[in-house]
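[1] need a 3D model of the sequence below.
(chains A and B)
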Amino acid sequence: MAELTNASDRRRLVALLSPAYLWLLVAVFLPLSAMLFFSFLTDLPQDTPDWGFTLGNYARFLSNPTYGTLLWKSVTLGLTVTLACILIGYPCALVLARTIKGRARETLFLLVILPFWSNSLVRIFSWAIVLRGNGVLERFLELFVPFDLRLNLMFTTTAVVIGLVHSYLPYVILTSYLALQAIDDDIIEAARSMGASRLTILRRLLLPLSMPGLMAGAVLVFVPVVGSFMEPRILGGRVGTYYGTVIEDQFVAVYNWPLGAALSFILLAVVLLILALASPILRKANT
Amino acid sequence: MSLVDVQNVTKKFGHTTALDNVSITFDNGGFFGLLGPSGSGKTTLLRTIAGFYYPESGSILIGDRNVEKIPVEKRDIGMMFQSYALFPNMSVADNVGFGLRVRKVPAVEEKRRINEALELVQLQALADRRPSQLSGGQRQRVALARAIVTNPKVLLLDEPLSALDKSLRVDMQIELKRIQREVGITTIFVTHDQEEALTLSDRIGILKAGRIIQAGTPREVYDRPVDAFAAGFLGEANWLPQQLLDGLTLPGEKQSHRFAVRPEMLTMSDAAVDGRNSVRGKLVQRVFAGALATCLIEVKGEQWKLIARDRDLPDFAGEGDVWLNWAPEDTIRVPA
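    Model prediction:
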C-alpha cells in the first residue's frame, strides 16, 4: 500500500473503513471471543454458580476417538462436495462466460443463482421429496425402465452430498464465471491463430487464468460444508451424523455450550490448518 | 505470384453488409496496408482472411489452398492484435513458443526458433520476463515475434502501432518494416492512420462502406486518387471552386471532373506566377511548427491549406491577399 503521508487522507481512510471494522468487531470478534471464553469453562455461569476454568472440553476431543472420526468424516464430505461442485460448476461457468452471449447469458445466470434466493430448509425438504423411496426421482426413472427400481436415496451419504452440492454450487459457478469472463477475447483468438485446439486453449490458458476464481470458489464451498449440519441431519438421517451435527447437538440438545464451543474451535483450527497447507497451491494459482 | 487472393467476398452481420463483393490480391512478400475510416470493413476483411469469420460468398486463397471454409486454427497464419493479446500466465519465451508447442516442434528446435525470433525483435535478454513486466514497445515486439515464429504463410496485423505513443510509433514503423523485409513474409495490416499506411506499405487498399474503392502503391493512390473520398482520406486535398476553373491549365474536362491540389504542392506569392496555375486567396493564419509551417487560406469560400518549409514562405505581414501557385501537372483530378 502507498504510504499515507497526508493527514487528511488518513482521516478519510479511517472514516471510510471504520463502519466495516466496527461491524466486524460487534458481529464477529465479540461473539467469537465469547465462544472462546465459553470453551474453557466447566459450566455456563448463568446455569451453575460454581463454574470454573478447565481444559477438559478440549481434552474430551482427544480422549474420545469418535470426535476425530467424525471430523475426518466431515473433512471427507467437504472434499467430496467441493470436488463435485468444481466438476459440475466449472464447465457450466465456462459455457456461460465464453460461449453464450447477451440475453440468454443473463437468463441462464439468473437460473444458476436461483438456489440463493430460496430458503435453505425449503430447498432441503424439496430434495427429501425427490430422493425418498417411491419419490419423484424414482417415479421419474421408472417411466424409462420396465421393472421396479426400488431406488431410495433418502438417508444416505449420497443424499447429503446432493443436497450440499445443490446449495453450494453457485459459489463455484459465480467465482469461476467472473474469472473466466475477465479473460480477454483477444487472448483466445491469438491462441487460435497460432493453431491451438480448444483443449489446448482450455488447458494452457483458460484453466490457469481462471484458477484464482476457481480456488476462491472451492474455499467458499469447502469451509462451510465441513461444518454443515442441516443437510446431513435432514437428508442423512441415521448416517447423517457429522462433526457439525455433533456441535449443533451440544448447543441445542445436550445444552453443553462449553463442549460445543471447544469442538467449534477445533474445527476452526483444522480448517485453517488445511487452508494453510493448501496455500502454496492457492498462491500459485494467483500468479 | 499472388499469395493471398480474395475474390468476390461478401460478409454480412445480420442486416448490415460488412464486406460487399470485395476482391483484392496480395502479392507474395509484400507489405499491404488496408486503410479506411471506422466501419469501412477493413478489420472485417482482415479477420475474414484470418478465419475468424466465414464469408457468405466468395473465395479466399492462401498460397494454393482455398481456405474460406477452413477454421482459423488450420489456416497457418500469424496474427498480431491491437491489444497484443500476450498470455499473462506465460513468460516471454513461452509466449513466443506457444505456436511451436502446439505444432509439436521438437524441444531443441523449439528453443532455437524462440531464440531466433527474439533475436529478430532484439528481446533475447527479456526471455524470462512476464508480459506484465514489459513496456508497451517491448510487448509489441513479443507479439510480433510470437506471430512470425511459426513461419506462417501470411502475417496479419490489426492496428499494429495504435497503442503506442507517437515517438515510439515512428521507431516501431521503421522496425516493423525492417523485420518484414528480413523475414520476407507477406504482411497485411489494418490502420486508420494514413501516415502509417504510407510509411509501411508497398501497396495500399482504401476501403469505404465494405468496398475497396482503390488499391495501388502509396504513390499511385496519393497522386491519382479515384474519387474525392480517396483524395481526402489519404492526404489532404484543397478543392478548386468551380468559379475559379477558367484560365487554369487542368488535366481534364471541367464539366465531368473535380480538381484539387495537395497542400505541399502550393507556393505562396504576392503576384500570379507565369506558367503555373494561380488562384487568389486570403491568408487567414500561419502556424509555425518547427520544420514545417502550415498556412490557412480562404479561397472563394473554401478552406485551403498550404504546407511548406517555414523559410521558403515569403514574409507577409501575416494576413491579407495572396496568390497560391502550383504546377499544372500536380493537379489532382477525380470524377465529379
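
[2] identify the bridge partners of B:Ile297.
    Counting by DSSP bridges, B:Ile297 is bridged to B:Leu283, B:Trp304.

[3] am I right that it is in contact with B:Lys282?
    Yes. Judged on CB atoms under 8 Å, B:Ile297 makes contact with B:Lys282 at a distance of 6.6 Å. Yep, even glycine has a C-beta here, placed from its N, CA and C like the rest.

[4] more neighbours: which of these two?
    Neighbour count, other CB atoms under 10 Å in any protein chain shown: between B:Ile297 and B:Lys282, B:Ile297 has more, with 25 against 14.

[5] leaving out chain neighbours, which residue sits closest to A:Phe265?
    A:Ser39 (5.6 Å; CB to CB, 6 or more residues apart in numbering or on different chains).

[6] pretty sure the one you found sits against A:Ile266.
    No. Using CB under 8 Å, A:Ser39 makes no contact with A:Ile266, being 9.0 Å away.

[7] strands of the stretch 101-250 of chain B, residue ranges please.
    B:154-158, B:186-191, B:203-208, B:211-216, B:238-239 (DSSP state E, counting those that start in this stretch).

[8] could I get those strands as a markdown table with mean pLDDT?
    Formatted as a markdown table, these follow (pLDDT from 0 to 100):
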| stretch | mean pLDDT |
| --- | --- |
| strand B:154-158 | 95 |
| strand B:186-191 | 94 |
| strand B:203-208 | 94 |
| strand B:211-216 | 94 |
| strand B:238-239 | 92 |
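
[9] between those strands, which one is nearest to chain A?
    With CB to the nearest CB, the closest approach to chain A among the strands of the stretch 101-250 of chain B belongs to strand B:154-158: 7.9 Å.

[10] so B:Phe259, which of the three states?
    strand (DSSP: H, G, I helix; E, B strand; the rest coil).

[11] excluding its backbone neighbours, what's nearest it?
    B:Leu240 (4.4 Å).

[12] from B:Asn277, how far off is the one you found?
    9 Å (CB to CB, to the nearest Å).

[13] joint contacts of these two?
    B:248, B:261, B:331 (CB atoms under 8 Å, 6 or more residues apart in numbering or on different chains).

[14] pLDDT, distance to B:Ser40 and neighbour count for those - can I get that in a markdown table?
    Formatted as a markdown table, those follow (pLDDT from 0 to 100; distance: CB to CB, whole Å; neighbours: other CB atoms under 10 Å in any protein chain shown):
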| residue | pLDDT | distance to B:Ser40 | neighbour count |
| --- | --- | --- | --- |
| B:Leu248 | 83 | 33 | 16 |
| B:Val261 | 93 | 26 | 24 |
| B:Thr331 | 91 | 27 | 20 |
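
[15] which of these sits closest to chain A?
    B:Val261 (42.3 Å).

[16] who touches the closest one in this structure?
    B:237-238, B:240, B:277, B:326, B:330-332.

[17] which of those lies closest to chain A?
    B:Ala237 (35.9 Å).

[18] count of neighbours near the closest one?
    By other CB under 10 Å, the residues close to B:Ala237 number 22.

[19] grab the nearest non-local neighbour of it.
    B:Ala260 (4.0 Å).

[20] quick one, which of the strands of the stretch 101-250 of chain B is nearest to A:Leu214?
    strand B:154-158 (30.9 Å; CB to CB).

[21] got the angle between that closest one and strand B:186-191?
    10 degrees (axes from the mean of the first three to the mean of the last three CA atoms, to 10 degrees).

[22] quick one on the thing from earlier: check the strands of the stretch 101-250 of chain B for me and report the most buried one.
    strand B:186-191 (a mean of 26; mean count of other CB atoms under 10 Å in any protein chain shown).

[23] how about the residues of chain A near chain B?
    A:184, A:186-187, A:189-197, A:200, A:204-205, A:208-209 (CB under 8 Å from any CB of the partner chain).

[24] how far does stretch B:147-162 sit from the chain's center?
    15 Å (CA atoms, centre = their mean, to the nearest Å).

[25] is stretch B:66-82 up against chain A anywhere?
    Yes. Counting by CB under 8 Å from any CB, chain A is contacted by stretch B:66-82 at B:71-74, B:76-79, B:81-82.

[26] max pairwise distance over those: which two?
    Among the residues of stretch B:66-82 next to chain A, B:Lys74 and B:Gln82 lie farthest apart (CB to CB), at 23.8 Å.

[27] these two: which is more packed in?
    More crowded of B:Lys74 and B:Gln82, by other CB under 10 Å: B:Gln82, with 16 against 12.

[28] ok, the more buried one touching B:Leu156?
    No. Applying CB under 8 Å as the test, B:Gln82 and B:Leu156 come out as separate, 11.6 Å apart.

[29] still on that earlier bit, correct me, but the residue nearest to B:Ala237 touches B:Ala231?
    Yes. Assessed by CB under 8 Å, B:Ala260 is found in contact with B:Ala231 at 5.7 Å.

[30] center of the chain - which residue?
    Let's take chain A. A:Val221 (2.3 Å; CA atoms, centre = their mean).

[31] wait, chain B
    Note: chain B centre (CA atoms, centre = their mean) maps to B:Ala197, 2.1 Å.

[32] buried stuff in stretch B:306-320?
    By 16 or more other CB atoms under 10 Å in any protein chain shown, the buried positions in stretch B:306-320 come out as B:306-308, B:313.

[33] what is the mean pLDDT for it?
    Averaging pLDDT along stretch B:306-320 yields 78.

[34] now do stretch A:173-191
    According to the model, stretch A:173-191 has a mean pLDDT of 94.

[35] which outside residues touch that stretch?
    With CB under 8 Å, 6+ apart, stretch A:173-191 has contacts from A:89-90, A:92-94, A:96-98, A:109, A:112-113, A:200-201, A:204-206, A:209-214, A:216-217, A:220, B:52, B:72, B:79, B:81-83, B:85-88, B:98, B:146.

[36] now list the buried members of the residues you listed.
    The buried subset of these (16+ other CB under 10 Å) comprises A:89-90, A:92-94, A:96-98, A:109, A:112, A:200-201, A:204-206, A:209-214, A:216-217, A:220, B:52, B:72, B:79, B:81-83, B:85-88, B:98, B:146.

[37] the residue nearest to the centre of chain B: what's it in contact with?
    With CB under 8 Å, 6+ apart, B:Ala197 has these contacts: B:33, B:35, B:191, B:204, B:218, B:234.

[38] state the distance from it to B:Ser256.
    Counting by CB to CB, the gap from B:Ala197 to B:Ser256 is 29 Å.

[39] what's the neighbour count on residue 161?
    No chain in the question, so chain A it is. Quick note: A:Val161 (other CB under 10 Å) scores 20 neighbours.

[40] meant chain B, my bad for not saying
    B:Leu161: 25 neighbours (other CB under 10 Å).

[41] which residues touch it?
    B:140, B:169, B:172-173, B:176, B:191, B:193, B:196.

[42] kindly recompute the last result at 6 Å.
    Neighbour list for B:Leu161: B:169, B:172 [criterion: CB atoms under 6 Å, 6 or more residues apart in numbering or on different chains].

[43] so what's residue 56 closest to, chain neighbours aside?
    I'll assume chain A. The nearest residue in space to A:Gly56 (CB to CB, 6+ apart) is A:Thr42, at 7.1 Å.

[44] nope, chain B please
    Per CB to CB, 6+ apart, closest to B:Glu56 is B:Thr10, 5.0 Å.
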